[in-house]
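Asks: A predicted structure for the sequence below; I have some questions about it.
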Amino acid sequence: MRKLLLILILCVPGFTGFIPDESLKSERTNGPPGFIDITVFSNIDKQFFQYILKQQCLPFTGGYKTGYALDTSFTRIVIPVKEFRCTNKSAYKDFLKLLKAEQYPNLEIYIPHYSNVNNDKKDSVVLKGVSIIVAGVTKRYDINCKIDKSGNDNKILNGTTGIKLTDLDIVPPVKLFGIVKVKNEISIDFEFCVK
């Protein structure tokens, strides 16, 4: 029985639902800056979930400073979990269940202002103390990202970071009688404009 399921998973196109999602990626690059892509890996394939930020540019007053924070304010990004997109309907349902979307409809990101953005290199920064709230669990991360300047005073921050599901009190799921095992670390790619 296990061999039959494994053959189905590996041989039937679309059974695991992984589609490269090039249509989703092209949509984000043609629109205004602002997206969050989550890639979830398993021992069989990977699934791609995308959210496009609706704001043109997020307020990030005070610019970039080094040293200790003079201001405890922050930029807040609220993402309705159900607005993530995925080409695989089954994976999308599992994603909503995993993030407890009914109980916690929003994923929230808090980026502290001022000195919590420390210059790492000329074109990159470390976002210090970024709080991420997923399924009611809050964790803080230091996130490396690049800075691209737009035509005005706005800046585009982009980067990639990895987050462990167990850090967020999420047990990596096992599907199809243990044949498909989701890996503990997910990858998050992001880009947004700050002013």
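Replies: Done, it's in. Predicted model, so just to flag it, every value in this text is computed and none were measured. Numbers count the residues shown, from 1 in each chain.

Asks: drop to CA atoms for contacts and neighbour counts, all remaining ones
Replies: OK.

Asks: And the pLDDT at Leu168?
Replies: Predicted confidence (pLDDT) at Leu168: the value is 88.

Asks: That one reaches Lys139, doesn't it?
Replies: Yes - assessed by Cα atoms under 8 Å, Leu168 is found in contact with Lys139 at 7.1 Å.

Asks: These two - which one has more neighbours?
Replies: Neighbour count, other Cα atoms under 10 Å: between Leu168 and Lys139, Leu168 has more, with 17 against 14.

Asks: Just to check, Leu58 is in contact with Ile156?
Replies: No - under the criterion of Cα under 8 Å, Leu58 is not in contact with Ile156, lying 10.0 Å apart.

Asks: what sits in contact with each of these two?
Replies: Counting by Cα atoms under 8 Å, 6 or more residues apart in numbering, the residues touching both Leu58 and Ile156 are Phe192, Cys193, Val194.

Asks: and the last one, how many residues sit next to it?
Replies: In this case it means Val194. If we define neighbours as other Cα under 10 Å, then Val194 has 21 of them.

Asks: Counting by contacts, list what the longest strand belonging to the chain packs against.
Replies: The longest strand of the chain (DSSP state E) is strand 137-149. In this structure, strand 137-149 makes packing contacts with strand 124-134, strand 155-164, judged by 3 or more Cα pairs under 8 Å, 6 or more residues apart in numbering; DSSP states H and E.
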